[in-house]
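In: Return atomic coordinates for the entry below.
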Amino acid sequence: MKPEEVICFDRVDFAIGGVRVLHNVRFTVRRGEFLYVIGPNGGGKTTILKLILGLLLPESGNIRVLGSTPSRSSSRVGYLPQYQHFDPQFPVSVMDVVLMGRLRGAVKPVFSGKDREAGAESLEALGLADLAGRPYFALSGGQRQRVLVARALVNEPELLLLDEPTSNADTHIEEVLFELLDRLNRTMTILLVTHDYGVVPRRVERVVCVNRTVAVHPTHRLSGGVIQKLYQKNLSRVHHDRVFREKGKSRA
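Out: Residues are numbered from 1 along each chain as shown. The predicted structure follows:
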């Protein structure tokens, strides 16, 4: 694994119940990149994230993350999963949600002063410091999403993984999130799984196309034919020139 490589998949296979999910996956991610991961439902996108996190083990092949095995590197990786399960009746504050990112498997966790300091810094970085004590479910949709990103960032990760972070989000929330990710990408590597192949922010230079196998394309070479083959449908070409600007404005 080269020093500038953050992720390396080398001939990785993965199956569940005898069903092949991924076959002969080979790709690398360089430090400081912002990559989109796209592909049809059931094609293996989320599986790749879970392999990177060490939550799943490959059937064959080798995976290196931040110079080590996924399980040993997991504390240096931030993760925003696709589905968030919170009971709306549970009295949890914004700070409580963020501190969940500091859990280390304790049944009854007791957070230290250092944990709370890290939580406060994470909220501050996302402009949410004044909401720390507010009930999580009293927030707007955009604020909730930023809190969940703060939870993923509370351990100051070198690598950030996001699984469908804009699903069910309106256009304004999406623009705010991408402005945030643009800033974060200056200090960390980002992989973002998305079903929205229609728009790729300008900072994204390569797209990882996943449908049991993996192909990595520079965005300027991602043609309508590549997308049609990936999804096995007649779909429109990805646009790569959308820029998310400050104050919620965008330009296409």
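In: C-alpha from now on. contacts and neighbour counts both.
Out: Fine.
In: for the protein, what spans make up the helices?
Out: All helices of the chain, identified by DSSP state H, fall at 45-53, 70-73, 94-99, 113-125, 141-153, 171-184, 224-231.
In: Out of those helices, which is closest to residue 190?
Out: Residue 190 sits nearest to helix 171-184 of all the helices of the chain, at 8.1 Å, using Cα to Cα.
In: between that closest one and helix 113-125, how many degrees?
Out: 120 degrees (axes from the mean of the first three to the mean of the last three Cα atoms, to 10 degrees).
In: now for helix 171-184, which elements pack on it?
Out: Contact here means 3 or more Cα pairs under 8 Å, 6 or more residues apart in numbering; DSSP states H and E; on that basis helix 171-184 packs against helix 141-153, strand 243-244.
In: One more pass at 10 Å, please.
Out: For helix 171-184, the elements it packs on are strand 34-38, helix 141-153, strand 189-193, strand 243-244, strand 250-251, judged by 3 or more Cα pairs under 10 Å, 6 or more residues apart in numbering; DSSP states H and E.
In: burial of residue 60, as a residue count?
Out: Neighbours of residue 60 under the rule other Cα atoms under 10 Å: 14.
In: before we move on, what about the one 5 residues further on?
Out: A count of neighbours around residue 65, defined by other Cα under 10 Å, yields 26.
In: I'd say residue 5 and residue 68 touch.
Out: No: using Cα atoms under 10 Å, residue 5 is not in contact with residue 68; the gap is 11.1 Å.
In: Between those two, point out the one with more neighbours.
Out: Comparing residue 5 with residue 68 by other Cα under 10 Å, the one with more neighbours is residue 5, at 17 against 14.
In: In contact with that one, which residues?
Out: Residues counted as contacts of residue 5 (Cα atoms under 10 Å, 6 or more residues apart in numbering) are 28, 29, 30, 31, 32, 33, 64, 65, 66, 67.
In: Pull out the buried members of the residues you listed.
Out: For the contacts of residue 5, a neighbour count by 16 or more other Cα atoms under 10 Å gives the buried set as 28, 29, 31, 32, 33, 64, 65, 66, 67.
In: Could you report the separation of the third one from residue 75?
Out: Distance, residue 31 to residue 75, by Cα to Cα, to the nearest Å: 17 Å.
In: how near is the nearest residue to residue 29 once chain neighbours are set aside to residue 157?
Out: Nearest non-adjacent residue to residue 29, counting by Cα to Cα, 6 or more residues apart in numbering: residue 7, 5.0 Å away. Counting by Cα to Cα, the gap from residue 7 to residue 157 is 14 Å.
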